[in-house]
Every structure is written in C-alpha cells, then in structure tokens.
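J.: Build the 3D model from these lines:
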Amino acid sequence: MGETWIGVTGFYATDNPHPGLAVVRALRQADPSWRILALTWDRFSTGAYAEGLIDAHALIPYPAAGPRPLLKRLESVVATHPLDVVIPTVDAELPHWGVLRTALRRLGVGTCLPTMAALRAREKRHLPALGRRTAMAVPDTLVLSSEVAVAKAAGTRKYPQIVKGTLVDSTVVHTAEDFRVASWQLAEQWGYPVLAQPLIAGEEYDVAGVARRGELLEVAVMKKLAVTNKGTAWAGVTVEEPHFVALLRRLVAALRWDGGIEAEFIAAADGSVYCFEINPRLPSWIALACEAGANLPAALVRLALGEEVEPAVAQPGRLLARALVEHTFAGNPLAELTGCSARRNLLSSAIASAVTPMAGRTGTVAITGLNAADNPSAGLTVARCLRALSPAPRLVGLTHEVLATGAYVDRVWDEVRLLPFPSREDGGYPEALIAQCREAGVDCLLPTIDIEVPIVTWLADRLAAAGVATLVPPAAALAAAAKPRLPAIVARGFRVPRTRLIANWAELETAIHELPRPFVLKGPVADAKPVRTAEEAHVVGRRLVASWGYPLLAQEWIAGDEYGVAAVADRTHRVVGTVVVHKEIRSANGNTWGGSTVVDRTLEKLAATFAEALDWIGPFELEVIRHPRRGPFVIEANPRFPAWVYLSAGAGANLPWAAVRLARGERVSALRPRPGTFYVRQAWDATASVERMGALSVEGRVDGHVI
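T.: From the prediction side, this is the model:
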C-alpha cells in the first residue's frame, strides 16, 4: 500500500490561530507514516513553516475567490502530486469544500464534511432558530444588516454586549458609542451582518466532536481558563462533563452532521447553560484533545477513507497552555512556492541553526516575563536563545502569573518560580525576587517586562550583594526613553512622529481636531491602536485609560516599512550587537510574527546613537518606520529585548547571551548577524498535567520538566 497524503488548510498560527497546525500535530501522533500537504493561501501563514511536521506545500486561492478557482487549483495539484484526503479548517472556506464534495470524489480525494443545509443551520445568525429546534438555550441574538441598523440598535441595547463578526471575531462593548465603533470595525473586515448578544457572566466550555451521519463518535470537553480580548482560549483544561457531551450529541443529531464540529457554551451562575456559537470544523485547541486520548483529526481521516472509527472521549485533567514556538531559516523557504504544483521538502533544506558554541561560564540565569499569550513577553524567547548555547546555562523562569503559558513549555526551563506582582510598594516583590534568586543559585538576572526593568534598576545593588549580576539602564535613561518623554529625543538628533501628550479628556478632544487622521493612540506603558474617526478615538481612549491610566499619547501616523532594532549596550554605553528585522508578518495587533534580518547601517547607527545619547546600559529595542521620502522615524523605545529576539540566535548574533556575559563583567566582541535570516513565530499549544498548575500555585516552584 502506498503513502497516504493528507491535505490540511488553515495555517495562520498567530494571535487568533487557525486550527491547521494543531490538526497536523494530531495527525503526526496518530500515524507517523501519513504525509502532510499544507494547503496554504500565501507565504505568510506562520503555521506552514512547522519544520518536521509538514512534508509538502501548495498554494490555494483565498476563500473570497470562491469554489471554482479552488477546484481548478486542486486539479493542478492532484495532476502532479498524490492527495488522498483533505481536512479544511477555516469557517470561510467550508462552504466551498462542501460544494466541491462530488468533484473531489472524482479526483480521488476523500472528505468528511457537513451538508450545505447543516452548514447554513449552524450559522451565527441562525443559531436562535437551531436553539428552538433542539430545545437548547441560546443568548438573545440581534442580527444587524447595515450601518443604519447598528446606529438604531446602539441606543436600545442593555450593556455590556458582545458584538460578533459574521464569520469570526468578537468585541465586548459597554456603551452605545463602543457598540457602533466595534460593529463598524467588524463589518469593515467581515462584512454585514454583524451580531449582538448580551454578555452572559459564567464559565465557558468548548466541546469538540467528530460525527458521522448525525452520530457523535469522538468528543472532548475543555473548560476555558484564560482567553484573549477576542475570546480565543489561551489556557484550558479537559474536563468530564457529560451534560455538555449530551448537548453536542443533540446538536449533531438534529443537523445530521458529518465531520468536525465545535460548540461553545456558557454555564451561568444561576445554573443555566447557553450555546453561543457553533463552529463547523475542529477547533484550534484540538491538539489538547489528542493528548487527552481522543485524536479527532485522525478520526476524520479514517472516516474520509471509509474506515470504521471507535467512539472515544478525552480524559479529564489535561492542561492547555498556548505559548509560542519559533523557527529560523536561511531565507524564506516558501518564497519558492509558486504556480499550481505542490513542492516537497521546502523547509528542511533552509533551516538556520541557532546553536551557539559557549564562550564564558554557564552558571544559572533567571529570566522574567513568561506570559507567552497573544501579545507575548520576551521571557520564553530569551530563554530559547540561551538554551541554544552549547552547553547551555541553567535557566530559571520567574513568573508572577500561575497561567503564564511560557511556564508550561517543555525542554526550556530547569525550574519555574512564582513571584508577587512587580511593585516597589506592598506585595513583597523586591524581597521575593532576591530570595528566589538566592535559593535557585542564580548569578545573572534578565528582566523582560517593561514595568520590571525600573524595579530591577532600583534593586541592582541589593541583587549584586546577593551575587546576582544585572545589566540594566540607569533611572535617568529609563525616564528619557519612556513613551511620554520620548519626543524629547528629537533634540538629540532623532526623528519622531508628531506626538501630543494627553493628560485628560479635554486634551484628547483637542488632539482629535488637530492631528490628521488616522493617528495612533498609545497607553503610557503599552498598547497602541490606530484611530480613524473621532468616535473611534473616544472608544480607544477610554479603553486605554481603563487599562493604563493617563497620560495617553496621540501620535502622527507614519506610512512606510516597519523595522525592529534590537541591541545590547555595555557599561560604557557601547553597542556590542545590533540585529535589525524587516517586519514581514504581523498580527492584527501589530506584533511581529515573522521577518528577515537586514544590514542597515542607518538603523545600526541609530541604535548606537541612542545608547550613547541616553547613557544606556543593557538590552533595548527601537521600533522604526521608514517613510519612503522622510526617512526613518523612531516610534517607540523599549527597555528590554523584543519578543522576536530569537531571530538574533538564528542569525548568529545571540544578543541575550551577550547581555549575560556583559552582566557578569566579561568582554564581548562585536556581533555581526547574518543578513537574510528569516524568522517566524507560531502559536503552539503546550500541554501538561493540571497538577503542574496546582503545584506552581501552592508550592511556588515547579521543575522544568513538563509532563
């Protein structure tokens, strides 16, 4: 019997990940002989760079193109490459695959897909009718088909509400103005209708299953423990909840469902259970179900091949902690992906090694910032840079969040320790930090969170007395680089966008009228959002003030290519290494998920001038936009490594290791990164026993080995 080739779609593995990468992971566990063909829309799908998991790649049209171009492309692929089964994983494309079911069968491609009638019946706008049909509670749902309908509804709703796009995405809103802006933003991206539901307080559960002709065969129930601001689960645990399994069984029977499905429920405080969404495919957390003993993607393949599938239920107690993995390549390997044919082995021939021969002693390094969620801190990626050393130092992760997902990634940490929330005041953070470093035998500390760096600067002498070396900027340099004061560096020769400091609501109104739109609103510590209308500025401003307080910053929008400049300065303010990334893949929030190193003397000089002008010591990042005519603008300066700094190790200029050596008083020669090294970040579901979370919470430390 020949190889079985399985095509999988949906490889945007960013802050709101598609399920494709998780499906591939489960298929690899089911049968290592199965071969995976990644059917990707473009060369920016970060999950398609999963070296070791994907055997071949082919381009397919975006869903907006419709079913005919998709069929034409598949005919070209099948003419030159084997394809036995396809598992589509993105809501927008499911109707196209359903339309093509008969044509695919003629091509010899098996599928297990719901009927078009079933697909329509579970759409968000039809969910109330399905709820009545199945005697299942559904939140009161308002379908808004136009901007006029949104404006009319905004003044009549009882808040808070959750506004949803017709396909994906949602936003919680608290005022009529917020309602209008969120609806407009969702409609701009996904079209009308948008939907509005009351926000129901309670615990959220996701139930994933695989069904055949209305019979539920395999199922997994996950309780959400942490979600992003879009409602995407970033941490969860498998649970034994027969009631939710029974509800999904009722749904698939009513729909005569075939294939993968996910139903999302809220268990309210009064005991009521509401179904608020049904997704016509496997969810992005499906690797967790596989680890818990229910390999739903494998069941789909076997059904598509006409084989029997034994019923299975995921076992309780397996923890999901969505974190990140990173890859570096000697150039973008998918740049060769053109035309209509599939290409094999694009990834394995282009890997850029991050392994660095050790220079200096190993010792024990503590790293903070283990939150590796949709807007990740740099702790996990800094640790990976140091883990790439041969031999590597001992690594201690320090976190103030039990659910910091970077704490649950295997083969990174030697141990993880829990700290109070960073503060100079009550809470015990300074004493706990010194005590934990002393107990763990730490000789060097690398803080990676903005709010921690000033505290570590303040504690530097006490840490040194405890035998813990640091490399942090002086307080004056930190103050000069802070967002509210950054515009002052113009006097030192830097170009900065026109910026207005906003200390109250009246000053925001002034900025709205004076600055050309769009402009960017920023919090004093983190977060930045472009705004295009006065109403949008009001909504974004309120959200930023609620999170960070005043002052806000209103900054001129600069069009151009975006760059990140990461560097390390020694105690004489000399930059020993600079890595410049051209940002090529970014999330909706503007975070860097992929890019290439470039040799740019202008930006390298910018970093050197910054360190000298501010008397900087230690790591920093400059965020730069190069306007095509006006040149580079510094839009932000961060007093720590960026979350993309693993690229420095892959490019042969390991900046975190340089920082450790400088902190210890060692001399570091100038680092020269390899140009053209390509970096990509992927959302990756780490799994662990739920007991690990309990041990970290109760005992305050856990071993680095994750089981």
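J.: ok, which stretches of the stretch 251-400 of the chain are strands?
T.: 259-268, 273-279, 312-313, 318-330, 343-344, 356-357, 364-368, 389-390, 394-399 (DSSP state E, counting those that start in this stretch).
J.: Quick check: which of those is nearest to residue 12?
T.: strand 318-330 (14.3 Å; CB to CB). Yep, even glycine has a C-beta here, placed from its N, CA and C like the rest.
J.: Now do that closest one: which elements does it pack against?
T.: In terms of contacts (3 or more CB pairs under 8 Å, 6 or more residues apart in numbering; DSSP states H and E), strand 318-330 is packed against strand 233-238, helix 286-291, helix 379-387, helix 646-650, strand 677-689, helix 690-699.
J.: Deepest-packed of the ones you listed, please.
T.: helix 646-650 (a mean of 31; mean count of other CB atoms under 10 Å).
J.: I'd like the average pLDDT over it.
T.: Mean pLDDT, computed over helix 646-650, is 96.
J.: for stretch 549-567, same thing?
T.: Stretch 549-567 comes out at a mean pLDDT of 92.
J.: mind giving me the domain ranges of the protein?
T.: For the chain, automatic domain parsing gives the domain ranges 5-111, 118-320, 352-482+561-675, 498-556.
J.: one step back: compare the mean pLDDT across the strands of the stretch 251-400 of the chain and name the weakest.
T.: It's strand 356-357: among the strands of the stretch 251-400 of the chain, that one has the lowest mean pLDDT, namely a mean of 78.
J.: Outside of it itself, list whatever touches it.
T.: Strand 356-357 has contacts (CB atoms under 8 Å, 6 or more residues apart in numbering) with 388, 389, 390, 649, 652, 654, 657.
J.: What residues sit buried inside the strand or helix carrying the last one?
T.: Residue 657 is located in helix 655-663, with elements delineated by DSSP states H and E. Using 16 or more other CB atoms under 10 Å as the test for burial, helix 655-663 gives 655, 656, 657, 658, 659, 660, 661, 662, 663.
J.: quick one: the third one from residue 617, how far?
T.: Note on residue 657: its distance to residue 617, by CB to CB, to the nearest Å, is 17 Å.
J.: same question, the fourth one
T.: Counting by CB to CB, the gap between residue 658 and residue 617 amounts to 13 Å.
J.: Repeat that for residue 128.
T.: 60 Å.
J.: Comparing the two, which shows the higher neighbour count?
T.: residue 617 (23 against 16; other CB atoms under 10 Å).
J.: what residues are up against residue 383?
T.: 367, 395, 397, 406, 412, 413.
J.: Most neighbours among those, which one?
T.: Counting by other CB under 10 Å, top hit in these: residue 367 with 31 neighbours.
J.: Residues in a beta bridge with that residue, which ones?
T.: residue 397, residue 446 (DSSP bridges).
J.: residues contacting it?
T.: By CB under 8 Å, 6+ apart, residue 367 lies in contact with 379, 382, 383, 386, 395, 396, 397, 398, 445, 446, 448.
J.: Could you dump those residues into JSON lines with distance to residue 349 added?
T.: Formatted as JSON lines, the contacts of residue 367 follow (distance: CB to CB, whole Å):
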{"residue": "379", "distance to residue 349": "32"}
{"residue": "382", "distance to residue 349": "28"}
{"residue": "383", "distance to residue 349": "28"}
{"residue": "386", "distance to residue 349": "27"}
{"residue": "395", "distance to residue 349": "31"}
{"residue": "396", "distance to residue 349": "36"}
{"residue": "397", "distance to residue 349": "34"}
{"residue": "398", "distance to residue 349": "38"}
{"residue": "445", "distance to residue 349": "39"}
{"residue": "446", "distance to residue 349": "34"}
{"residue": "448", "distance to residue 349": "33"}
